[in-house]
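Novice: Just a sequence and a predicted model for now, questions to come.
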Amino acid sequence: MKTLIRNGTLVTASDTYPADLLIDGEKIALVGTDLPAGDARVIDAKGKFVLPGGIDAHTHLDLPFGGTVASDDFYTGHKAAAFGGTTCHIDFVIQGKGETLHQAVENWHKKSDRKAAVDYGFHLAITDLNDKVLDEIPSMGREGVTSLKLFMAYKGSLQVDDTTLFKALVKSADAGMLVMVHAENGDAIDVLVKDAVSKGRLTPEWHALTRPDWAEAEATMRAVSLAGVAGAPLYVVHVTCAKAVDQIAYGRARGLKVMGETCTQYFFFSVDDLRRPDGAKWVCSPPVRSHADNEALWAAVKNDTLQTVATDHCPFFFDGTREMMYEGKPVKFAGKELGGGNFSKIPNGVPGIEDRMPILWTHGVGKGRMSMNRLVELCCTNPAKIFGLYPRKGTLAAGADADVVIWDPNLRRKMGVQTSHQRTDYNLYEGWDVTGMPEKVFVRGRLLVDGETWHGEPGSGAWLKRSTNGAVL
Ligand code: URP
Ligand code: ZN
Ligand code: ZN
């Protein structure tokens with residue numbers, strides 16, 4: 001099956017230009033002017049932009065967490081991703097205690113393979129490192145799981161010590177793999193949380209007050225320094241604040257191979273949102289911080305201290321005692337109500353896989369904070385380069401997978417649960433107006449989203465074996 005997208009304006013990380021784009025089967029066959037249609041179906045994209053599909057490098061679908069499970073699985077999360085212009089994501093496999101890395105990856109394949117509707121890869125979060133597991137790391141890289149995550153927070157569950165982090169850095173650098181860190185000082189946070197709870201300080205704002213920005217800055221600098229000692233590349237996930245940005249800038253200025261990501265929500269929200277009556281909706285870690293930090297993040301993606309914008313999509317219901325309808329069926333998952341008036345028991349995480357590109361288009365590009373090309377770079381091209389998917393994914397070029405978004409810059413939408421495909425009962429951007437949305441979304445040449453119509457199917461998405469030695473940007 002061939003598809004010719006005619007008269008559009010192509011936007012890549014480096015260029016904006018009028019061109020036609022021919023899809024043949026799963027691949028982009030040609031980019032050029034006045035391409036002949038032949039037997040191809042023709043789509044007129046006059047007045048529209050043509051973007052590479054978004055890549056969300058940080059998601060948690062079907063993740064068991066905080067006594068429940070993230071409410072989007074590998075089908076519903078993929079449907080939501082596609083409607084938001086994201087055609088590929090990388091999810092975190094979590095190694096259970098005592099598990100081998102291969103067992104952990106196998107568990108995640110069981111969750112995903114028959115449900116996937118868009119393409120996806122895996123990072124691997126190590127929570128229990130012994131010598132056998134250490135020796136398994138290079139084989140994971142060879143098998144296409146080329147990035148590891150280490151949690152420096154969540155004491156007593158996911159958190160690892162510095163020995164584990166350092167060993168993982170050395171081993172993965174040898175194997176051409178990339179270590180990612182959740183950088184917060186979990187020990188200090190644990191003391192602060194216990195103290196707050198003992199004093200009856202239980203409202204959601206205490207989630208932020210017990211996880212201060214210095215705890216993120218300290219862990220970020222520690223990880224940057226250990227990467228320097230190991231001579232290893234490092235990627236800091238979900239950076240939230242000016243102080244952490246400073247540590248990444250410090251390492252980069254000294255020639256270290258340090259990169260960083262922020263997530264959409266950290267550009268907009270603050271501790272003030274946690275103070276709302278429904279503040280539990282904003283409980284994620286690290287926490288939303290201050291308006292000055294929001295601004296510092298806009299600056300950091302502009303000046304390239306941070307190289308990617310992801311979502312950390314990890315949705316929980318706000319009120320998991322009530323059903324909602326999804327694809328005509330009632331669904332219900334325990335969620336934020338598990339906090340029961342105690343911030344330390346609220347499941348950590350927020351939805352956003354569908355919201356990222358439209359929100360960044362309106363509030364980033366539309367407000368002059370970034371160019372269209374930088375949006376594509378942050379949301380599509382850089383994640384592909386860093387995580388070993390480029391040039392198969394992340395750009396519009398002959399030979400690349402035909403992951404293509406026809407973007408209508410004039411399409412308006414009121415964000416919210418009613419217009420969203422994320423399987424959760426709230427939306428962080430409820431009632432926000434956006435201008436600029438995907439109109440058609442192709443994954444490897446298949447039209448998955450056509451306006452309001454969904455053509456995706458469970459099992460049609462492909463798991464991606466990623467390359468080692470991704471780019472250090
Ligand atoms: O609150 C969050 N971010 N939940 C997901 C797990 C993580 O730390 O990334
Ligand atoms: Zn994290
Ligand atoms: Zn995460």
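Specialist: Cool, got the structure. Numbers count the residues shown, from 1 in each chain. Ligands and ions are numbered 1, 2, ... in the order given.

Novice: okay, CA-based contacts and neighbour counts for the rest of this
Specialist: Will do.

Novice: which residue ranges form the helices in the chain?
Specialist: Counting by DSSP state H, the chain has helices at residues 76-83, 101-112, 131-142, 162-174, 186-198, 205-209, 213-230, 242-253, 271-274, 291-302, 356-360, 372-376, 382-386.

Novice: export those helices to CSV and tack on mean pLDDT and distance to ligand 1?
Specialist: What follows is those, written out as CSV (pLDDT from 0 to 100; distance: least, Cα to the nearest ligand atom, whole Å):
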stretch, mean pLDDT, distance to ligand 1
helix 76-83, 98, 15
helix 101-112, 98, 16
helix 131-142, 97, 21
helix 162-174, 98, 16
helix 186-198, 98, 11
helix 205-209, 98, 11
helix 213-230, 98, 12
helix 242-253, 98, 16
helix 271-274, 98, 13
helix 291-302, 98, 17
helix 356-360, 98, 15
helix 372-376, 98, 22
helix 382-386, 99, 17
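
Novice: what about residue 260, how many neighbours?
Specialist: Residues lying near residue 260 (other Cα atoms under 10 Å) number 25.

Novice: what bridges to it?
Specialist: Using DSSP bridges, the beta-bridge partners of residue 260 come out as residue 236.

Novice: what's near enough to touch it?
Specialist: Listed by Cα atoms under 8 Å, 6 or more residues apart in numbering, the contact set of residue 260 reads 235-239, 248, 305-308.

Novice: Recalculate using a threshold of 6 Å.
Specialist: With contact taken as Cα atoms under 6 Å, 6 or more residues apart in numbering, residue 260 is in contact with 235-236, 306-307.

Novice: where's it relative to residue 6, distance?
Specialist: 36 Å (Cα to Cα, to the nearest Å).

Novice: and what of residue 384?
Specialist: Distance of residue 384 to residue 6, given as Cα to Cα: 26 Å.

Novice: Name the nearest residue to the closest residue to ligand 1 within the stretch 101-250 of the chain, sequence neighbours excluded.
Specialist: Using Cα to the nearest ligand atom, the closest approach of the stretch 101-250 of the chain to ligand 1 is made by residue 182 at 6.4 Å. Spatial nearest neighbour of residue 182, excluding adjacent residues (Cα to Cα, 6 or more residues apart in numbering): residue 151 at 4.8 Å.

Novice: so the one you found sits right up against residue 180, yeah?
Specialist: No: applying Cα atoms under 6 Å, one finds residue 151 not in contact with residue 180, separated by 8.6 Å.

Novice: Compare these two and say which is more crowded by neighbours.
Specialist: The neighbour comparison of residue 151 against residue 180 (other Cα under 10 Å) goes to residue 180, with 26 against 22.

Novice: So for stretch 291-301, what gets flagged as buried?
Specialist: 291, 293-294, 296-301 (16 or more other Cα atoms under 10 Å).

Novice: Tell me the residues of the protein that contact ligand 1?
Specialist: 284-285, 312, 314, 348-349 (Cα under 6 Å from any ligand atom).

Novice: now that we have these, which one has the most neighbours?
Specialist: residue 312 leads the residues of the chain next to ligand 1 on contacts (other Cα under 10 Å) with 27 neighbours.
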